[in-house]
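1. What would the 3D arrangement of this be:
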Amino acid sequence: MRRETSHSDLVYATASQNSAAASSPIAASWRRCLNLHQLQPEEGRKPVQVDDIVFREAREKMEHLIHVCADEFDRLYQTVGRSGCCLVLSDKNGIVLDRRGSAGDDADFHGLGLWQQNVWSEASVGTNGIGTALADERAVVIHGDQHFLSSNTALSCATAPIRDHLGRVTAALDISTCRQDVTDMTLAILSQAVRDVATRVEMSLFRMAFPAARIVMVPNAGVSVSALLAVDQDDLILGATKAARVALRLDDQMIAQGIPAADALSEDRGEASSDLDDAERAALRRALSRTNGNVSQAAQVLGISRATLHRKMKRFSLQ
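-> Model (predicted):
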């Protein structure tokens, strides 16, 4: 009882300080829970549970993502499942859609409510891995007494949001453990693992959303591997992941209006030349490549005479 009272006092004291909320994401979350969601840290609160119809609709809406996640989900569980961890996949509202856990640990997680059909948003159970990752739209680690509710301080979580092909947060992937001997280093490793899986899932979702497009990785060395562009045959950007949008300062309006990938990437074309010249040079190079450099065959493919092709090749220094 002393521990719960101490934890509650800490939440109230920390959340009441504006400076603490400004500098600490945990304190800012505690303030949301107190002021926005009207929760109290000492209350013995369980997660809200949606009814069967709402849960079924939520599952059906996310069936595509659940399918894409399945293999990655299983591989991650094979790595961490025997160490007292469970894996949870929620939708953007915090509804637990899918989970993996060992039979020996399920009683603990079920008792805490970390189970399918329960809602792990901040509004439901205060500061926690899933809810806070969704609220802040970033990967988080919530360790023990960083949880808002005193009843959840036995739990430690590493969570990463999953974004759809438009860069919007659509789900959260979480690793949780009830082990009391878990260390900050262990949680850092789990956090990296869950972020890596979330990134791979996002990349799969992006590629599947633009099946006919050319996928281009933003070449900046400091940019995440998830910074991808979907580009059509005319070099116009069809879509961009969140990381690419941030790196290239793209938004939905710019993409809808049509922006050449070369412009977004600030590609250096060397000597100034027109877009028509660039397109013609590219067409000649493709035809010559497809015919293994046979000029006569390339001319036939392009529907021009051999002499015309030679003149064009000379103009563009392709000989």
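2. What ranges in this protein fall below the confidence cut-off?
-> 1-5, 20-22, 221-223, 268-273 (pLDDT under 70).
3. can you list the domain ranges for it.
-> Listed by automatic domain parsing, the domain ranges of the chain are 45-207, 211-264, 275-315.
4. just those domains: most buried one?
-> domain 45-207 (a mean of 20; mean count of other C-beta atoms under 10 Å). (Each C-beta comes from the backbone N, C-alpha and C, glycine too.)
5. from the chain's centre, how far out does that domain sit?
-> For domain 45-207, the distance from its own C-alpha centre to the chain's C-alpha centre is 13 Å (C-alpha atoms, centre = their mean, to the nearest Å).
6. try stretch 285-301
-> 43 Å.
7. got the CA positions of it in PDB?
-> Presented in PDB, the C-alpha positions along stretch 285-301 are these (Å, rounded to 0.1, in the frame of the first residue of the first chain):
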ATOM      1  CA  ARG A 285      19.800   4.600 -73.700                       C
ATOM      2  CA  ARG A 286      17.000   2.200 -72.900                       C
ATOM      3  CA  ALA A 287      16.600   1.100 -76.500                       C
ATOM      4  CA  LEU A 288      20.400   0.500 -76.900                       C
ATOM      5  CA  SER A 289      20.500  -1.400 -73.600                       C
ATOM      6  CA  ARG A 290      17.600  -3.700 -74.600                       C
ATOM      7  CA  THR A 291      19.300  -4.500 -77.900                       C
ATOM      8  CA  ASN A 292      22.800  -4.900 -76.400                       C
ATOM      9  CA  GLY A 293      24.100  -1.900 -78.300                       C
ATOM     10  CA  ASN A 294      22.800  -3.000 -81.700                       C
ATOM     11  CA  VAL A 295      22.100   0.300 -83.500                       C
ATOM     12  CA  SER A 296      20.000  -1.200 -86.300                       C
ATOM     13  CA  GLN A 297      17.700  -3.100 -83.900                       C
ATOM     14  CA  ALA A 298      17.500  -0.100 -81.500                       C
ATOM     15  CA  ALA A 299      16.400   2.100 -84.500                       C
ATOM     16  CA  GLN A 300      13.700  -0.400 -85.300                       C
ATOM     17  CA  VAL A 301      12.500  -0.400 -81.700                       C
END
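8. what's next to that stretch, contact-wise?
-> 284, 302, 305, 306, 308, 309, 310, 313, 318 (C-beta atoms under 8 Å, 6 or more residues apart in numbering).
9. among those, which are in helices?
-> Taking DSSP state H, the ones among the contacts of stretch 285-301 that sit in helices are 284, 302, 306, 308, 309, 310, 313.
10. Contact partners for the third one?
-> Residues touching residue 306, when contacts are defined by C-beta under 8 Å, 6+ apart, comprise 295, 296, 299.
11. now those in a markdown table, with distance to residue 68?
-> Formatted as a markdown table, the contacts of residue 306 follow (distance: C-beta to C-beta, whole Å):
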| residue | distance to residue 68 |
| --- | --- |
| 295 | 47 |
| 296 | 48 |
| 299 | 46 |
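12. of these, closest to residue 279?
-> Closest to residue 279 out of the contacts of residue 306 is residue 299 (17.9 Å), distances taken as C-beta to C-beta.
13. coming back round to it: can you put the domains of the chain in CSV and add distance to residue 11?
-> Output for these, formatted as CSV (distance: least, C-beta to C-beta, whole Å):
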stretch, distance to residue 11
domain 45-207, 6
domain 211-264, 32
domain 275-315, 60
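14. Tell me which residue lies nearest the centroid of this structure.
-> residue 162 (3.3 Å; C-alpha atoms, centre = their mean).
15. Now do the same for that one: helix, strand or coil?
-> Three-state assignment for residue 162 (DSSP: H, G, I helix; E, B strand; the rest coil): strand.
16. What strand or helix carries the residue nearest to residue 162 when sequence neighbours are not counted?
-> Using C-beta to C-beta, 6 or more residues apart in numbering and skipping the chain neighbours, the partner closest in space to residue 162 is residue 171 (4.2 Å). Using DSSP states H and E, the element containing residue 171 is strand 169-177.
17. Just give the strands next to that strand in its sheet, each with its orientation.
-> Partners of strand 169-177 in the sheet, by DSSP bridges, are strand 85-91 (antiparallel), strand 156-163 (antiparallel).
18. what residues are up against residue 239?
-> Contacts for residue 239 (C-beta under 8 Å, 6+ apart) come out as 165, 166, 206, 209, 210, 213, 229, 230, 255.
19. Please tell me how far residue 311 sits from residue 295.
-> Look at residue 311 and residue 295: by C-beta to C-beta, to the nearest Å, they are 11 Å apart.
20. if we can go back for a sec, now for the contacts of stretch 285-301: which two are most distant?
-> 305 and 318 (16.2 Å).
21. is it true that residue 7 touches residue 145?
-> Yes - counting by C-beta atoms under 8 Å, residue 7 does reach residue 145; the two are 5.3 Å apart.
22. Which neighbours do those two have in common?
-> residue 153.
23. re earlier: and the angle for the very next helix or strand once past the strand holding residue 171 with strand 169-177?
-> The helix or strand immediately downstream of strand 169-177 is helix 184-209, counting by DSSP H and E. Interaxial angle, helix 184-209 versus strand 169-177 (axes from the mean of the first three to the mean of the last three C-alpha atoms, to 10 degrees): 150 degrees.
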